[in-house]
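In: Model the following, please.
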Amino acid sequence: MKDNGPIPAGFVAGEQGRLLIGDYDVDALIAGAGGTPLFVYDAARIGQRIAEFRFAMPDGVALHYAVKANPYEPLLTFMARHVDGFDVASIGEFETLHSLDFEDLPMSFAGPGKRDSELERAIAAEVTINLESEGEAARVLTIAGTLGIRPKVAVRVNPPFALKGAGMKMGGGAAPFGIDHDRAANVAREMIAAGADWRGLHIYAGSQVLHAPALIEAHRATVALAATIADEIGEAPLEINLGGGFGIAYFPGEAPLDVMAVGAGLCETLENVPNVLALTRFSIELGRWLVGEAGVYLTRIVDRKQSNGRNFLVTDGGLHHMLAASGNFGQLLRRNYPVAIASQFGAPLTEEATIVGSLCTPLDLLADEIAVPHAEVGDLVAIFCAGAYGLSASPQAFLSQPSARETMINHDLDGVAE
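Out: Now for the predicted structure:
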């Protein structure tokens, strides 16, 4: 038998023994959405995360939402009322925000490989472009000159250090992301000399960190690097994006990040900020930590079988909706996500079962040899920590299976948003 991932605190069973999400019975949520598979996002949990951030972080540190974590439109509408800006990683994410009329909030556009048409759209909309290379910087100036618009730009820096313990490191070596730290000042000076509206620096060293000292150390190193670059430029940056990196506990043995410790460390760092950054505004961009634990993926068991002495529960969902739970989204060694039988939440664990999806591939493994209550056809499986990099990060067209539904419990609006 293999260990299950840790189910986030606060999930309980209702009077019928079924999982409640935001005080709603899972059966009622599924009926309202029209069936399974279904992603459910609880706005109250996201709001709680935002409140935790505000309480823990130093005053004045802005919170930006990284749209790539989850671009579901009702979720973005909620975020627009509670965060200080959006960070997008594609023009598609920008267009979604534009269609929802959120352009009054600050917005930045990062990512390598921006097409000229995408740069033109972003420049025209006065989005801050995080420059990823000297070539991109030159293209921005050319396009802006043609448009007759002063472009807003920041220099994304590839730092000489990595974020220790990061699930995905984005610094400390050669990378497609950002301009190497020893060339960043030169690019910024060239943009300033050309008349661009230089907004500052974006320094992102890694993601999915659960160890507070690693983030504290990264923030200190980031601020020190930003000060060095600013001195080389000869002009103070208006803004510094410190990146994100806050992780959530997915797997057995993992514990939640101590955000209060991270905030205390950042407070100490900013209290001793170098003079060149005395008037600089700081921001942190978060996605997974804000929305990951607020999402639950619900899928129904359609078959139960035995093979060579093992129990298999076959569901109507799969990796085409929830790739990360299958272990095919960056895991070196597959480990189980937090999974439960939602129809019998909290019931005694009486058997061992492997939970799979509906795809004709052995990769479609949602939970491997975990302890569960005895489950039959018709019961529901819940996969937790599904609010970030879930549906939008999965190969939805694979084997032409139906797409999953999404719904959001929005307590601000006193109801469930489809």
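In: okay, now residue 145: neighbour count?
Out: 13 (other C-beta atoms under 10 Å). Where C-beta positions appear, they are placed from N, C-alpha and C, glycine not excepted.
In: Can we start the residue count at 22 from this point?
Out: Will do, 22 is the new start, and the previous item becomes residue 166.
In: Buried residues, stretch 48-57. List them.
Out: 48, 50, 51, 54, 57 (16 or more other C-beta atoms under 10 Å).
In: Let me see the ranges of the strands in the stretch 222-371 of the chain.
Out: Taking DSSP state E, counting those that start in this stretch as the test, the strands found in the stretch 222-371 of the chain are 227-228, 260-262, 302-307, 316-328, 331-336, 360-362.
In: List the neighbouring strands of the strand or helix carrying residue 151 plus their orientation.
Out: If you go by DSSP states H and E, residue 151 is part of strand 149-152. Neighbouring strands of strand 149-152 in its sheet, by DSSP bridges, are strand 128-130 (parallel), strand 173-179 (parallel).
In: what's the most buried one of those strands?
Out: Of all the strands paired with strand 149-152, strand 173-179 has the most neighbours on average by mean count of other C-beta atoms under 10 Å, namely a mean of 26.
In: starting at the chain centroid, how far to that one?
Out: 21 Å (C-alpha atoms, centre = their mean, to the nearest Å).
In: Pull the number of nearby residues for residue 197.
Out: Using other C-beta under 10 Å, residue 197 is surrounded by 11 other residues.
In: Also residue 37?
Out: Using other C-beta under 10 Å, residue 37 has 12 neighbouring residues.
In: ditto for residue 125
Out: Residue 125 has 7 nearby residues by other C-beta under 10 Å.
In: Over to residue 204?
Out: 14.
In: now residue 428
Out: Neighbour count of residue 428, defined by other C-beta under 10 Å: 22.
In: got it, and residue 366?
Out: 21.
In: My read is that it contacts residue 38, right?
Out: Yes. With contact defined as C-beta atoms under 8 Å, residue 366 reaches residue 38; the gap is 6.6 Å.
In: Sketch out the low-pLDDT regions of the stretch 172-321 of the chain for me.
Out: 184-196 (pLDDT under 70).
In: Quick one: the helices in it, in order.
Out: 202-214, 233-254, 280-292, 309-312 (DSSP state H, counting those that start in this stretch).
In: Those into TSV, with extra columns for distance to residue 88?
Out: Shown next, in TSV, are those (distance: least, C-beta to C-beta, whole Å):
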stretch	distance to residue 88
helix 202-214	25
helix 233-254	22
helix 280-292	21
helix 309-312	10
